[in-house]
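Participant: no FASTA, just this:
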């Protein structure tokens, strides 16, 4: 191998002797090899930078900081697909919420006020065709916004003329799940609420008269065998009831 200075001197000025020609060809070959290695090294670094940017972008997506990553080089198609899948997987964890617009809200209000209304009648009130109204009602049922329909009863005519709320206080250390199960077998129970603070629970009962209420309270105080221990009650008799906007449907 000839020294670098000799290679630089070998090709200029050109010589035409056999020895000079050999030296010139060798110098040109060395220059070409060096140029080829330089191009290969540059291309390798560019590809490596692209892969690094892709990996950094994928890590940022998984950590929630994808917007802060600005790759300098174009991301290969394969890495773009990986990024897309990673993003979709991340947002699959989000709980979907149904989209309710003003027309849907009005339909809900109308059905809450009178669930027997037909799609044609509701459509006239919300300026939609019966078919479009029916599709909206079906969608509200499918996504669980409308869970069912029920009849509103006059319990006084059925003989259950009296309602009352009873506050319950349980022994210290009673678990919330035990409180929830304390009165599940009570026939007169309408609904029960577990509370934070004092009292521990509030139950709503429906009875025939005051004597019936006394018997129910006695059963509540005795509690279930093996169940949570009730150490105190306070009963409030309902004198009247007025439905609010949320129950009337506006």
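Facilitator: Ah, there it is. Owing to the predicted nature of the structure, the values given are computational and were not obtained by experimental measurement.
Participant: and residue 220, what element?
Facilitator: Here residue 220, judged by DSSP states H and E, is contained in helix 210-222.
Participant: next SSE after that helix?
Facilitator: Once helix 210-222 ends, the next helix or strand along the chain (criterion: DSSP H and E) is strand 230-237.
Participant: show me where the protein has helices.
Facilitator: Along the chain, the stretches classed as helices by DSSP state H are 4-10, 18-63, 77-91, 102-113, 119-126, 130-142, 176-180, 210-222, 245-248.
Participant: Identify the residues contacting the spatially closest residue to residue 100 that is not a sequence neighbour.
Facilitator: Counting by Cβ to Cβ, 6 or more residues apart in numbering, the nearest residue to residue 100 once its immediate chain neighbours are dropped is residue 145, at 6.9 Å. Backbone N, C-alpha and C define where each C-beta goes, glycine included. By Cβ atoms under 8 Å, 6 or more residues apart in numbering, the residues touching residue 145 are 98, 100, 104, 108.
Participant: my guess is the last one meets residue 147, correct?
Facilitator: No: the pair residue 108 and residue 147 does not pass the contact test of Cβ atoms under 8 Å, sitting 11.6 Å apart.
Participant: Who has more neighbours out of the two?
Facilitator: Ranked by neighbour count (other Cβ atoms under 10 Å), residue 108 and residue 147 place residue 108 first, with 18 against 8.
Participant: tell me the pLDDT at that one?
Facilitator: For residue 108, the pLDDT comes out at 92.
Participant: which residues sit against stretch 222-234?
Facilitator: So stretch 222-234 is contacted by 166-171, 174-175, 178-179, 181-182, 185, 199, 217, 220-221 (Cβ under 8 Å, 6+ apart).
Participant: List only buried entries from those residues.
Facilitator: Buried by 16 or more other Cβ atoms under 10 Å: 166, 167, 168, 170, 174, 179, 182, 199, 217, 220, out of these.
Participant: what's near enough to touch the closest residue in space to the fourth one that isn't next to it in sequence?
Facilitator: Just to be clear, that refers to residue 170. Distances taken as Cβ to Cβ, 6+ apart put residue 200 closest to residue 170, at 4.8 Å, once the chain neighbours are dropped. Residues near residue 200 by Cβ under 8 Å, 6+ apart: 168, 169, 170, 174, 179, 194.
Participant: still on that earlier bit, which of the helices of the chain has the lowest average pLDDT?
Facilitator: Mean pLDDT values for the helices of the chain show the minimum at helix 4-10, a mean of 46.
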